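Trainee: Sequence and predicted model, in that order:
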Amino acid sequence: MRILECQGVTKFFGGLAAVSNVDFHVDQGEIVGLIGPNGAGKTTLFNLVAGTFPLSSGEIKFKGRKLSGLKPHRICQMGIARTFQETKVFANMPVLQNVLVGAFFGTPTHVSGAAAAREATQSLEFVGLSAMGATPISDLTLANQKRVEVARALATKPELLLLDELMAGLTPTEVGEAMELVTRIRDKGITVVMVEHVMKAIMGVSGRVMVLHHGEKLAEGTCNEISCNKTVIDVYLGKESNAGS
Amino acid sequence: MNITRLFTAHRRPLLVGFLILLMAFVFTFPLYGGAYPTRVLTTMLMYTVLAVSWVMFSGTTGYMSLAPAAFFGIGIYSTALLQHYLPFPVIIIVGGLISFALAVLLGLVTLRLKGIYFTIFSFGLVVFIGNTVNYVEADIFGRHGWYFDALDRATLLYAMLGLAVVTVLAAYFISRSRLGLAMQSIGGNEEAAEHMGVNTTRIKVLTFAISAIFMGAAGVILAPSLSYSNPSIAFSVTYSFIPIVAAVFGGMGQLHGPVIGALVFGFLEKTLRAQLLTYFMLGFGIIMVVVILFLPNGLVGLASMLRDRLGGVISKVRNGSDGEQHANT
């Protein structure tokens, strides 16, 4: 079943088409990788799905319902959660409170205090940070702050999770842990779309990859198809990293 | 050290006891305090209301509002217009509600602005509303100001005390509620809050309006002691800056910061200014600069800093004497 469908998605910033006429879909339960050079429009595409700003033209449907015109908080409550490329944690709160925000407000129905606390604790435990609930978030490493963002997103009980460069800036060990986390999220039944520059991670966990270049869809296919695609190698992967996949 | 332990172990009952004593003091004050000191005390409580309600919105969400004077002036005008028609307690509530309604309206327009733009716009509102009222009053109705019916100074003190208690309680319960969490998330990172399901516009407008209730009510209660008012008195921009000065002075991190800041600032201003005139503001300006430079957490921060220092010295002294004992044996 198609959980997300995008048709002719276009976004202009002034005269620049940041995303231009992109068609793609995401099936329920898969992990889709979204790659491309810097400025290709990956984050813009995420922002369009999450409702940060409106589409210039085109249509995005989530479980058959049109998303255009909806505010970000409504889209979140419908079941699309996200993390941010540059971590956007609530710096003025401890770790658990950060996650509580997602638990309290991220679902369409009213959540009781006890239920929210339970959900937040479970989410923190899921990402492996249950010991750090009371720690001020600014005391955490970048890798752990990114985990808090994931926990916060999971606490909103999403069906689709948009991960924006979860692994950027992490050490190789941390990348391995993050890959394992993404797989576990999928196993929970949550569909994942991830923007990533770490090829090893993309090729390791995603079933399908889409390549964006200058705002346009350059290629789409399985990891093998993408890593052998000549255009993709020319504009993005380069000859060396092909071996790394 | 037993005293310190006593304080930490029985913090809550001690605090409650202290607050009850404080309230008893305020309640009995008009009996022996004299006319001017009673007014000083009323002003101190009024500053508390303004500072706490300002921090309620601006301190948590990070939207620096310079609009308090607008709501405060609405309160003064509520008394002016309604004093012959409604009993005083009802005017307090009506003044609060009118401020609430106006804040909802203004919030919907201005809270789309961020950062300094919101601040400037909110300041502009004070000037705009003041001038509009002035125009309507002077040019359309040909009126020049309003006189207020005198009210017993003890009544005004009790009303202000009641309002201050309600404001502090409201701030306390909001900060612990889900509304408080939503406000904090906006202050932490508004974009992230939006994407976590927080209806940021609604939360901002609602809190802005709730804080306006208390500012408006404070204006209603102050009005009778003014005896005369006109638009430039009622909508004086001073009332926009007092809550900020008091909050920064006392410290914005915790609830008792703005309370202490407002009480101390109000006391100093009203007692010293009567004698020292402009020298007070000059001196206080320097104090403010020092506070901002060296005490980011205000007076409250100073207290906890001193406690840490003092604790360090005490334990050093103790360890030192222990060391000597060991050396002797």
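Mentor: Arrived safely, thanks for sending. Numbering: from 1, shown residues only, chains lettered A, B, ... in the order given.
Trainee: Excluding chain neighbours, what is closest to the residue in the stretch 101-250 of chain B that chain A sits nearest to?
Mentor: Residue nearest to chain A within the stretch 101-250 of chain B (C-beta to the nearest C-beta): B:Gly188, separated by 2.9 Å. For the C-beta atoms, the positions are set from N, CA and C on the backbone; glycine is no exception. In this structure, B:Gly188 finds its nearest non-sequential neighbour in A:Phe90, 2.9 Å apart by C-beta to C-beta, 6 or more residues apart in numbering or on different chains.
Trainee: Equivalent analysis for A:Pro158, please.
Mentor: In space, A:Pro158 comes closest to A:Ala81 once its chain neighbours are excluded; the distance is 3.6 Å by C-beta to C-beta, 6+ apart.
Trainee: show me the contacts for the residue of the stretch 101-250 of chain B closest to chain A.
Mentor: A:89-93, A:98 (C-beta atoms under 8 Å, 6 or more residues apart in numbering or on different chains).
Trainee: and the closest residue to A:Val89 other than its chain neighbours, how many neighbours?
Mentor: Of all residues not flanking A:Val89 in the chain, A:Ile137 sits nearest, at 4.9 Å (C-beta to C-beta, 6+ apart). With neighbours defined by other C-beta atoms under 10 Å in any protein chain shown, the count for A:Ile137 comes to 22.
Trainee: What pLDDT does the model give A:Ile137?
Mentor: Per-residue confidence (pLDDT) for A:Ile137: 93.
Trainee: Likewise for B:Gly95?
Mentor: pLDDT, read off for B:Gly95, is 96.
Trainee: what bits of chain B have low per-residue confidence?
Mentor: For chain B, the stretches with pLDDT under 70 are B:1-8, B:274, B:277, B:318-329.
Trainee: if you set the cut-off to 80 instead, what comes out?
Mentor: Residue ranges of chain B with pLDDT under 80: B:1-11, B:253, B:272-284, B:296, B:309-329.
Trainee: for chain A, what are the nearby residues on it?
Mentor: Selection of chain B residues close to chain A by C-beta under 8 Å from any C-beta of the partner chain yields B:178, B:181-182, B:184-185, B:187-189, B:191-200.
Trainee: So which of the contacts of B:Gly188 is the closest to chain B?
Mentor: Proximity of those to chain B (C-beta to the nearest C-beta) peaks at A:Phe90, which lies at 2.9 Å.
Trainee: and the closest one, how many neighbours does it have?
Mentor: A:Phe90 has 25 neighbours, counted by other C-beta under 10 Å.
Trainee: quick one on the thing from earlier: make sure the residue nearest to A:Pro158 is indeed in a strand.
Mentor: Yes: residue assignment for A:Ala81, taken from DSSP: H, G, I helix; E, B strand; the rest coil, places it within a strand.
Trainee: Where does B:Val168 fall, secondary structure wise?
Mentor: helix B:153-176 (DSSP states H and E).
Trainee: so what secondary structure elements neighbour that helix?
Mentor: Packing partners of helix B:153-176 (3 or more C-beta pairs under 8 Å, 6 or more residues apart in numbering or on different chains; DSSP states H and E): helix B:11-32, helix B:35-54, helix B:88-110, helix B:200-226.
Trainee: who wins for proximity to A:Phe46 among those?
Mentor: helix B:200-226 (19.0 Å; C-beta to C-beta).
Trainee: Provide the secondary structure category for A:Ile233.
Mentor: With three-state DSSP as the criterion, A:Ile233 reads helix.
Trainee: Report pLDDT for it.
Mentor: pLDDT at A:Ile233 comes out at 83.
Trainee: Look up how far chain B lies from it.
Mentor: Per C-beta to the nearest C-beta, to the nearest Å, A:Ile233 is found 34 Å from chain B.
Trainee: do A:Val182 as well
Mentor: Using C-beta to the nearest C-beta, A:Val182 is found at 19 Å from chain B.
Trainee: Could you pull out the buried residues of the helix or strand hosting that residue?
Mentor: Assessed by DSSP H and E, A:Val182 sits inside helix A:172-187. By neighbour count with 16 or more other C-beta atoms under 10 Å in any protein chain shown, helix A:172-187 contains the buried residues A:174-175, A:177-179, A:181-182, A:185-186.
Trainee: which other residues reach it?
Mentor: A:29-31, A:126-128, A:143, A:146-147, A:150, A:154, A:161, A:163, A:166-167, A:170, A:192, A:194, A:198, A:200-201, A:204-205.
Trainee: Among those residues, which ones are in helices?
Mentor: Counting by DSSP state H, these place A:126, A:143, A:146-147, A:150, A:154, A:200-201, A:204-205 in helices.
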